[in-house]
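# Just a sequence and a predicted model for now, questions to come.
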Amino acid sequence: MRRREVGGQLSVGRAWIPLVWGVFLLFLVGCESLSLPAPEAQADRPPTVIITRPPSGVRVPAGQVVEIQSTATDDRGVVRVELQANGQPVRADSPPEQLPQLSYTVVQRWRPQAPGEVVIKVIAYDTAGQASPPAAITVEVVGPAAKPTSTAAPRETTFPATFTPTPSPTVVSEVVSGTVTVGALNVRAGPGTAFAVVERLRQGDTVVALARTQRGDWVQVRLPDGRTGWVSARYLKWSQDLTTLPLWQPGQ
């Protein structure tokens, strides 16, 4: 009888061995997982930019406007693209309404004044203020030095060459006013995003409308300080129909 009891106790003891080993292995696996290093966060990379035209080495006459087209990309968004000529800033452009874009293509105009070799650089900036490695081309300016030109804003290029404005009243019977409906709105030197920003309005600001483009998407306005500029019509609430405004003619 005692042998049976001893044998039974041995059997029960042996049955616990696999269970103990299983708990021990789970403990080792848990310790191993705790000892693994946490994955490192990827560093924010600066934007990249390429010049798509003109090709490097192009020859242009002094005084002729050169269009430099570039495309900038960034994983968080491009906010500004700067153009330099021989290290001197020429202009800076931002996406429409200052909204960051993952890919931003822009055409920037530059007018060389004197003959010689010029290094053109384009630099893009992201939302964190990081600058891209500059994209560069060489432009050979030929011919005599250009005569000084006026600083008037360039003509709008979105209209066809055969554009003929339809008759419209030159005097507005009632003042057409517009109230900004967005947080911030750029006022530009001409009717289009290619023109320089001359002022920035805030939500609730009011302006007086002076003229409109044929499509009615851009409106010339008078600012509270008396200056004039252009705004995108869809970001304001107008006091009356914009068709009562005179049509703007390219060259005005």
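Happy to help now that I have it. Numbering: from 1, shown residues only.
# all contacts plus neighbour counts: C-alpha atoms, from now on.
Will do.
# quick one: average confidence on the helix or strand harbouring V78?
Assignment of secondary structure by DSSP states H and E places V78 within strand 66-85. Per-residue pLDDT over strand 66-85 has a mean of 93.
# So for it, what gets flagged as buried?
66, 68-74, 76-85 (16 or more other Cα atoms under 10 Å).
# Note down every partner strand of it and its orientation.
strand 48-53 (antiparallel), strand 88-93 (antiparallel), strand 101-110 (antiparallel), strand 116-126 (antiparallel) (DSSP bridges).
# and those as TSV, adding distance to V221, mean neighbour count and mean pLDDT?
Below are those laid out as TSV (distance: least, Cα to Cα, whole Å; neighbours: other Cα atoms under 10 Å; pLDDT from 0 to 100):
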stretch	distance to V221	mean neighbour count	mean pLDDT
strand 48-53	34	19	94
strand 88-93	22	15	90
strand 101-110	25	18	91
strand 116-126	30	22	95
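# Go through those strands and name the closest to D225.
Of all the strands paired with strand 66-85, strand 88-93 sits nearest to D225, with 24.6 Å by Cα to Cα.
# Can you pull out the residues in contact with the closest one?
80-84, 106, 108, 110, 194, 196 (Cα atoms under 8 Å, 6 or more residues apart in numbering).
# 6 Å - rerun?
80-84 (Cα atoms under 6 Å, 6 or more residues apart in numbering).
# can you give me how far that strand is from the chain middle?
With Cα atoms, centre = their mean, to the nearest Å as the basis, strand 88-93 stands 15 Å off its chain's centre.
# which stretches of the stretch 101-250 of the chain form strands?
Here the stretch 101-250 of the chain has its strands, by DSSP state E, counting those that start in this stretch, at 101-110, 116-126, 135-142, 177-180, 184-188, 197-202, 206-212, 218-222, 228-232, 236-238.
# Which strands or helices does the shortest one pack on?
Of the remaining helices and strands, those touching strand 236-238 by 3 or more Cα pairs under 6 Å, 6 or more residues apart in numbering; DSSP states H and E are strand 177-180.
# now the stretch 101-250 of the chain, which segments are flagged as low pLDDT?
Within the stretch 101-250 of the chain, the segments meeting pLDDT under 70 span 146-174, 250.
# let's see 50
Where the stretch 101-250 of the chain drops to pLDDT under 50, the residues are 151-173.
# OK, contacts around T138?
Contact partners of T138, counting by Cα under 6 Å, 6+ apart, are 56-57, 118-119.
# Just put the contacts of strand 88-93 in CSV and tack on distance to P246.
Listed next are the contacts of strand 88-93 as CSV, based on distance: Cα to Cα, whole Å:
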residue, distance to P246
R80, 34
V81, 34
E82, 35
L83, 35
Q84, 38
